[in-house]
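**Q** Fold the following for me, if possible:
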Amino acid sequence: MASVPLSMKQLEDIAASVAQELLEEWAIDDRFDEDQMEESTQNAVNDTLFVINRFMEHFNTHMLAEQDKPNLIL
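**A** Sure, this is the predicted structure:
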């Protein structure tokens, strides 16, 4: 698996920032009413974590597959 040169705190900060930006985008696009703020905030966090986790799983799978390919010198 690829090594990530970031601390867990930095990774958490990135995820929190992306979730905040997603929530702001939803607000701009009127995707929720004011009384749905708490639920929408939780949805933004959950959706962000889902996407980041799935992206990293796929990324790591592809990186491992590339590492397993033979290095042919032509």
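**Q** For Ser3, report the pLDDT, please.
**A** pLDDT, Ser3: 66.
**Q** ignore the last one, Met63
**A** pLDDT at Met63 comes out at 89.
**Q** remind me, longest helix of this protein?
**A** Determined from DSSP state H, the single longest helix within the chain is helix 37-68.
**Q** What residues sit buried inside that helix?
**A** Using 16 or more other C-beta atoms under 10 Å as the test for burial, helix 37-68 gives Ser40, Thr41, Asn43, Ala44, Val45, Thr48. C-beta: built from backbone N, CA, C; applies to glycine.
**Q** Contact partners for the spatially most central residue of the chain?
**A** Closest to where the C-alpha atoms of the chain average out (C-alpha atoms, centre = their mean) is Ile52, at 2.1 Å. By C-beta atoms under 8 Å, 6 or more residues apart in numbering, the residues touching Ile52 are Ala15, Val18.
**Q** 7 Å instead?
**A** Ile52 is in contact with Ala15, counting by C-beta atoms under 7 Å, 6 or more residues apart in numbering.
**Q** For the buried residues of helix 37-68, which two are the farthest from each other?
**A** Farthest pair in these (C-beta to C-beta) is Ser40 and Thr48. Separation: 12.3 Å.
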